[in-house]
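Participant: sharing a model that was predicted from the sequence below.
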Amino acid sequence: MHKSKSMYPYYLVWPALIIYFIFFAFPALIGFYYSFTDWRLDRDTIQFVGWDNFKAIFSDKVLILALKNTLIFAVVTVIGKNIFGLLLAIGLNMKLKTRNVLRAVYFSPSILSILVISIIFTPILRTEGMINSLLGKLGLESLAQAWLTNPSIVVWTIAAVSIWQSVGFQMAIYLAGLQSISKEYYEAAKIDGASAWRSFTNITLPLLLPAININIMLTLIGGLKVFSEVYVLTGGGPGNASQVVGTIILRAFGEGNWGLGTAVNTLLFIGVSVIAVPLIMFMRRKEVAE
């Protein structure tokens with residue numbers, strides 16, 4: 001009887017584990033194997049080629065540029081989404097009459113389809129679009145740019161659009177974290193004569209670490225896996241200036257070079273794991289129990 005009771009929770013877990021293994025773990029293992037083969041559309045046989053696909057990745061200038069763009073996008077979006085999300089959460093956690101309306105307004109872009117985002121921003125970011133027209137009216141013509149066709153800034157432009165779309169979601173997580181902090185801490189700090197900045201650094205930030213950790217992980221993984229924003233706004237252009245790992249994978253599979261595409265995907269998985277797992281472990285140790 002005791003054994004039956006102790007085994008009961010495992011029976012609940014097994015179905016989920018079986019589904020996970022069949023649809024996620026097993027295909028991932030098969031993909032890992034195929035990343036070391038010459039699997040192509042125009043070949044009837046598949047041969048093991050060792051590290052050839054990975055050597056091709058690091059010898060191809062476009063692939064190197066895609067890796068660089070992916071890292072730039074991830075860093076910029078992680079910083080932007082978390083800083084602006086935290087600032088919005090702090091502002092909308094105050095006693096404002098319109099705070100509920102403003103919360104809905106700032107959160108709404110995060111539920112929009114990326115296709116809708118592209119329809120909104122493509123005309124805005126064109127050379128003759130709204131941003132450059134507004135800069136011209138303000139006498140700031142020198143700041144006008146070809147936002148989606150200038151190779152030196154296109155990745156930064158896409159990152160800015162991604163920040164605009166997702167910052168409301170990060171705001172919501174930070175807002176939930178702020179509202180979970182007991183007001184007694186701030187009252188005690190006020191009695192002790194602590195300034196607003198000291199209350200923020202000594203109370204808010206330490207107790208907000210769980211929310212910070214969640215947001216950093218979500219934005220980091222999302223940034224490294226970026227695809228939709230680049231695909232709908234530029235398609236990887238102009239030329240290959242905004243190619244990222246996700247678009248390179250699509251191109252490789254579209255060309256029938258499935259072995260190379262799988263190798264790039266495997267490299268992305270390893271990169272995300274190497275960056276995310278140690279960061280999660282480090283940040284978890286810094287969390288403070290309320």
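Facilitator: Thanks, I have the structure now.
Participant: which SS class is Asp42?
Facilitator: Put simply, Asp42 is coil when judged by DSSP: H, G, I helix; E, B strand; the rest coil.
Participant: what about the closest residue to it other than its chain neighbours, how many residues close to it?
Facilitator: In space, and not counting its chain neighbours, Asp42 is closest to Gly256: 6.2 Å by Cβ to Cβ, 6 or more residues apart in numbering. No exception for glycine: its C-beta is placed from N, CA and C like everyone else's. The number of residues packed around Gly256, counting by other Cβ atoms under 10 Å, is 14.
Participant: you'd agree Gly256 is up against Asp38?
Facilitator: No. Assessed by Cβ atoms under 8 Å, Gly256 is found out of contact with Asp38, at 11.6 Å.
Participant: which one's the longest helix in this protein?
Facilitator: helix 61-92 (DSSP state H).
Participant: now the terminal residues of stretch 10-29, how far apart.
Facilitator: In terms of Cα to Cα, to the nearest Å, the two terminal residues of stretch 10-29 are separated by 24 Å.
Participant: give me the contact list for that stretch.
Facilitator: Residues outside stretch 10-29 that contact it (Cβ atoms under 8 Å, 6 or more residues apart in numbering) are Phe269.
Participant: and Thr45, its phi and psi?
Facilitator: With angles defined as degrees, to the nearest 10, Thr45 sits at phi -120, psi 150.
Participant: contact partners for the residue nearest to Asp42?
Facilitator: By Cβ under 8 Å, 6+ apart, the neighbours of Gly256 are 40-42.
Participant: can you rerun that using 10 Å?
Facilitator: Each residue near Gly256 by Cβ atoms under 10 Å, 6 or more residues apart in numbering is listed here: 39-43.
Participant: out of the residues you listed, give me the one that has the most neighbours.
Facilitator: Trp39 leads these on contacts (other Cβ under 10 Å) with 22 neighbours.
Participant: quick one, phi psi at that residue?
Facilitator: Here is the backbone geometry of Trp39 (degrees, to the nearest 10): phi -60, psi 110.
Participant: ok, the one 5 residues further on next?
Facilitator: Here is the backbone geometry of Asp44 (degrees, to the nearest 10): phi -90, psi -20.
Participant: what is the burial count for it?
Facilitator: Applying other Cβ under 10 Å, we find 5 other residues in the vicinity of Asp44.
Participant: same thing with Thr157?
Facilitator: With other Cβ under 10 Å as criterion, Thr157 counts 21.
Participant: hmm, it is touching Pro238, no?
Facilitator: No. Using Cβ atoms under 10 Å, Thr157 is not in contact with Pro238, being 11.7 Å away.
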